[in-house]
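Build me a structure from this.
(chains A and B)
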Amino acid sequence: MTEKRITIVEKILDANDRLAKENRQRLDNANIYAINLMASPGAGKTSFILATIKALLEEKVQIGVIEGDTAPVTIDADKINAAGMPAVQINTGGECHLDAVMIENALDQLPLDSLDLVVVENVGNLICPAAFNLGTHCNILIASVPEGDDKPYKYPNIYRGLDVLIINKTDLLPYLDFDMDYFRQGVEMLNPGLETFALSCKTGEGLDGWLAWLKSKLQ
Amino acid sequence: MHELSVTESVLGIACKHAEKAKAARVTDIYLVIGQLSSIIDESVKFYWDIISKETLCENAKLHFERVPAELVCLDCEHQYHLENELIPCPKCSSARIRVLSGDEFHLESIEIQR
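All right, here's what the predicted structure looks like:
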C-alpha cells in the first residue's frame, strides 16, 4: 500500500459553474435576456415580477418565469399564469437555493423560441442563492425597507455579486426608522456604483426607472 | 444553508480524481474555505459521513483551512481584517474598500492509498 498526496485545486462548485455557462449559451442562442431575482421571503419578488409583466405586456415583450419554492405550493406560479405568461414551478424539496441543474430542467419546459425575457424567482433567502451561478445575465436583489437598513452589513456576499439593486416598499418609509444613507453606504462598500432603483410595487412610484433600464437590455 | 450541495460537490471532485489516480481509497481531503463563504464545517462533516459511505472516500478525513477576509481601503491603503460586521476603513472612515481575500472555496488536494 503506497500513500500519495494529489494536488487538485478545483473550485468546489465548478460543476455548477460549467452547467451555468451552458444555460447562458442556450439563452443567448434563443436571444433571451435572463434575470436572477433574489430577496428575503416577503420582500415583494412576486409583486415585482407581476408589475414588470404588466408594464412589458403593453410592449409585446414575451416573458417566461421560473419560480423557485422550497415546498410544492403553486401560489406564485398561478399568479404569473393568471397574468398570461408561462411559468415553471421548481420545488427544491427544502433546498435553500436554485442551482444550474434546476434551471436547465426548467428551461426545457419553457417555449424558448417565443420568449424575450426569462425571470428566475430564486428561493427567498439572502445567503445561499449568492453562491450558485445559474447562467442568467443579471443578478438582482430586492431589498424591502421593512427588513431594515443593516442588511448589506449582515449579508455582504449577496450584495457583492449584484448587477442591480431594487429598494422596494418605499411607500412605507415614513413609518419606519430606515436610514437610507446608512443602507446605501453599506451597498457602496460592497458594490461601488451599483445600479439601484428605489420604488414601490404597491403605488407604482419609481417603477419607470427600472422598466426603462430593463427595456434597454431587451433591445 | 447549502452544505449538502457543497458536500456532494466535494465528494464528486474527490472521487473523480481518486479514480483517475487509481486509488484504493482516499484518506484525507483538504479544503480551503474563505471566511466570506458561509459554510459551517460541522454541517459538512455531518453530511460527509452519510454520503461518502460505500465510495472511495468512505472514512476519509476532511481538513478545513479557513482563510480570513482581508479588506483594503482604496483611499488610504490601510489593510484590515473583517470581524463580524462590515465596517468602513477604521483609519480614515472611507467607504471605498475592496476585498482582498475571503472568497476562497476550493478543494486543494487529497491523500490516497493504492
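
Might you enumerate the residues of chain B proximal to chain A?
By C-beta under 8 Å from any C-beta of the partner chain, the part of chain B that sits against chain A consists of B:1-2, B:4-6, B:9-10, B:12-14, B:17-18, B:21, B:24, B:27, B:31, B:36-38, B:85-86, B:88, B:95-97, B:99, B:105-114. (C-beta placed from N, C-alpha, C; glycine too.)

Help me see whether the longest helix seen in chain A makes contact with chain B, please.
Identified as the longest helix of chain A according to DSSP state H is helix A:14-29. Yes - residues of helix A:14-29 contacting chain B under C-beta under 8 Å from any C-beta: A:D14, A:A15, A:N16.

I figured the second one hits B:S9, correct?
Yes - using C-beta atoms under 8 Å, A:A15 is in contact with B:S9, at 6.2 Å.

Does the residue sitting nearest the centre point of chain B belong to a helix, a strand or coil?
Centroid check for chain B by C-alpha atoms, centre = their mean gives B:I33 as the closest residue, at 2.1 Å. Classification of B:I33 by DSSP: H, G, I helix; E, B strand; the rest coil places it in strand.

what bridges to it?
B:R66, B:F105 (DSSP bridges).

which ones are touching B:A60?
Residues in contact with B:A60 (C-beta atoms under 8 Å, 6 or more residues apart in numbering or on different chains) are B:A14, B:R25, B:V26, B:T27, B:D28, B:I29, B:S52, B:I110.

Check the gap between the second one and B:S109 for me.
It refers to B:R25. Taking C-beta to C-beta, to the nearest Å as the measure, B:R25 falls 15 Å from B:S109.

what does the third one give?
When C-beta to C-beta is the yardstick, B:V26 and B:S109 sit 11 Å from each other.

between these two, which one's more packed in?
B:V26 (25 against 18; other C-beta atoms under 10 Å in any protein chain shown).

buried ones in the helix or strand of chain A with the lowest mean pLDDT?
Lowest by mean pLDDT, DSSP states H and E among the helices and strands of chain A is helix A:75-82, with a mean of 76. Neighbour-count burial for helix A:75-82, counted by 16 or more other C-beta atoms under 10 Å in any protein chain shown, picks out A:D76, A:A77, A:K79, A:I80.

Double-check the first one against A:F48; I have them as touching.
So the one you mean is A:D76. No - in this structure, A:D76 is not within contact of A:F48 by C-beta under 8 Å, at 11.6 Å.

What pLDDT is listed against residue 109?
Answering for chain A, as no chain was given. Listed pLDDT for A:Q109 reads 94.

um, chain B though
97.

One more: B:V10?
96.

Helices of chain A, start to end?
A:14-29, A:45-57, A:75-82, A:100-108, A:151-154, A:156-160, A:180-190, A:207-218.
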